[in-house]
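1. Dropping a prediction and its sequence here:
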Amino acid sequence: MSTLTLSKAIGAGLRRAMETDPKVVLLGEDIGKLGGVYRITDGLQADFGERRVLDTPLAESAIIGAAVGLAYRGYRPVCEIQFDGFIYPAFDQIVSQVSRMHYRTKGAVRMPITIRVPWGGGIGAAEHHSDSPEAYFTHTAGLRVVACSNPQNAYTMIREAIASDDPVLYFEPKRRYHLKGEVDLEAPLSGQSAGRSQVLVAGTDVTVVAYGALVQTALDAAAAAEREGISIEVIDLLSLSPIDYAPIAQSVRRTGRLVVAHEAALTGGVGAEVCASITERCFEYLEAAPVRVTGHDIPYPPAKAEGHHIPDLDRLLDGIDCALGRPNSRSGMGAGS
């Protein structure tokens, strides 16, 4: 076992994938000599050469377009989108080409492309540097969308994404890049862990589902609620498309209550899909309406105001109180008052 930050774990996963398969190539802005703005790819160009770690122009559409051509030729390209808000110039390539090529060719062509996206707020950045665009891609058939949350799953999931024959959007919570944890660098790839929701804390009163940076917030909420005698079950979604609903449904059938948290805006988000799908599966078990704790339906605010936008511990606990029918900001005394 090694103690690594989340960012170093992703870098270690990229290195292992490149050592294992000579067809793995990296493309992105400043990822070579600089090692990327977050130094995720630091040292990889020096070790693997400029033909496998390519510094590209500032042109996201061209990066993804080049990756499509490489995939056609049997390579496994890994593209870095420098910041979440920079992905929009590549949207047409991702949605019109990457997601459809396998289907369009009746399975003759695979698109084993991994698109890394440093994502989310909380770092005091400027506009276009703190977006949460995941819902655009979960709505796009033909893409896998995953979000890591700690060093171990960051390492495992990047390797599994690269090994997949399907295109994968790999979202990295940039404000957790410095989160440290134990990583088993020899853990075998199962081909499954990236697609399975994971129960992190067992509980009996409320099911809290989160992903990315808010997983840590959910864990903090479980610890805080425990001091008040409330038992929270925390589930890390990990895969946003497809979603593994079985562990969530099993949990809700026991707790009768569901809270879903994410940084992205409320309307049309992953939380809405989880709430709707679990209501369909578990309606007769629900003791209260599912609750969403999310960012607001606004463009991402200036850095000085982002603390009011990102769900924090207090907002998540308030949502849990709402689900339990305790006093809360949404409805005063909550359900059943």
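-> Great, that's in hand.
2. Tell me how many other residues surround the closest residue to residue 132 other than its chain neighbours.
-> In space, and not counting its chain neighbours, residue 132 is closest to residue 264: 3.6 Å by C-beta to C-beta, 6 or more residues apart in numbering. For the C-beta atoms, the positions are set from N, CA and C on the backbone; glycine is no exception. Other residues lying near residue 264 total 21 when counted by other C-beta atoms under 10 Å.
3. Tell me the secondary structure at residue 264.
-> strand (DSSP: H, G, I helix; E, B strand; the rest coil).
4. residue boundaries of the helices in the stretch 201-337 of the chain?
-> 214-226, 246-255, 270-282, 313-324 (DSSP state H, counting those that start in this stretch).
5. any chance of these in a markdown table, plus distance to residue 36, mean neighbour count and mean pLDDT?
-> Converted to a markdown table, those look like this (distance: least, C-beta to C-beta, whole Å; neighbours: other C-beta atoms under 10 Å; pLDDT from 0 to 100):
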| stretch | distance to residue 36 | mean neighbour count | mean pLDDT |
| --- | --- | --- | --- |
| helix 214-226 | 23 | 21 | 98 |
| helix 246-255 | 34 | 19 | 98 |
| helix 270-282 | 26 | 18 | 98 |
| helix 313-324 | 30 | 21 | 97 |
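6. could I get the ones you listed as a markdown table with distance to residue 202?
-> A markdown table is the format used below for these (distance: least, C-beta to C-beta, whole Å):
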| stretch | distance to residue 202 |
| --- | --- |
| helix 214-226 | 10 |
| helix 246-255 | 9 |
| helix 270-282 | 18 |
| helix 313-324 | 16 |
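7. now for those helices, which one comes closest to residue 72?
-> helix 270-282 (31.0 Å; C-beta to C-beta).
8. Tell me how far residue 297 lies from residue 135.
-> 12 Å (C-beta to C-beta, to the nearest Å).
9. returning to that earlier point: I figured the residue nearest to residue 132 was touching residue 137, is that so?
-> No. Using C-beta atoms under 8 Å, residue 264 is not in contact with residue 137, being 11.5 Å away.
10. Residue 40 in helix, strand or coil?
-> Residue 40, by the three-state scheme (three-state DSSP), is coil.
11. How many residues are close by it?
-> Neighbour tally, residue 40, other C-beta under 10 Å: 25.
12. these two touch, right, it and residue 7?
-> Yes. Residue 40 is within contact range of residue 7, at 5.6 Å (criterion: C-beta under 8 Å).
13. just the strands in the stretch 101-250 of the chain please.
-> Assigned by DSSP state E, counting those that start in this stretch, the stretch 101-250 of the chain shows strands spanning 114-119, 144-147, 168-173, 180-183, 198-201, 206-210, 232-236, 239-241.
14. Tell me which of the ones you listed sits most buried.
-> Of all the strands of the stretch 101-250 of the chain, strand 206-210 carries the top mean neighbour count, a mean of 29, counting by mean count of other C-beta atoms under 10 Å.
15. Just the residues contacting that strand, thanks.
-> 197, 217-218, 221-222, 225, 230-237, 248, 251-252, 255, 257-262, 274, 316, 320, 323-324 (C-beta atoms under 8 Å, 6 or more residues apart in numbering).
16. any idea how the chain splits into domains?
-> 2-193, 198-324 (automatic domain parsing).
17. mean confidence score for the longest one?
-> Domain 2-193 comes out with an average pLDDT of 96.
18. Could you check how many residues crowd around residue 88?
-> For residue 88, using other C-beta under 10 Å, the count is 16.
19. Could you pull up the contacting residues of it?
-> 60, 133.
20. How much space separates it from residue 144?
-> Relative to residue 144, and taking C-beta to C-beta, residue 88 is found at 20 Å.
21. Likewise for residue 81?
-> In terms of C-beta to C-beta, residue 81 sits 16 Å off from residue 144.
22. and if you look at residue 129?
-> 25 Å.
23. quick revisit: which one of the domains of the chain lies closest to residue 330?
-> domain 198-324 (4.9 Å).
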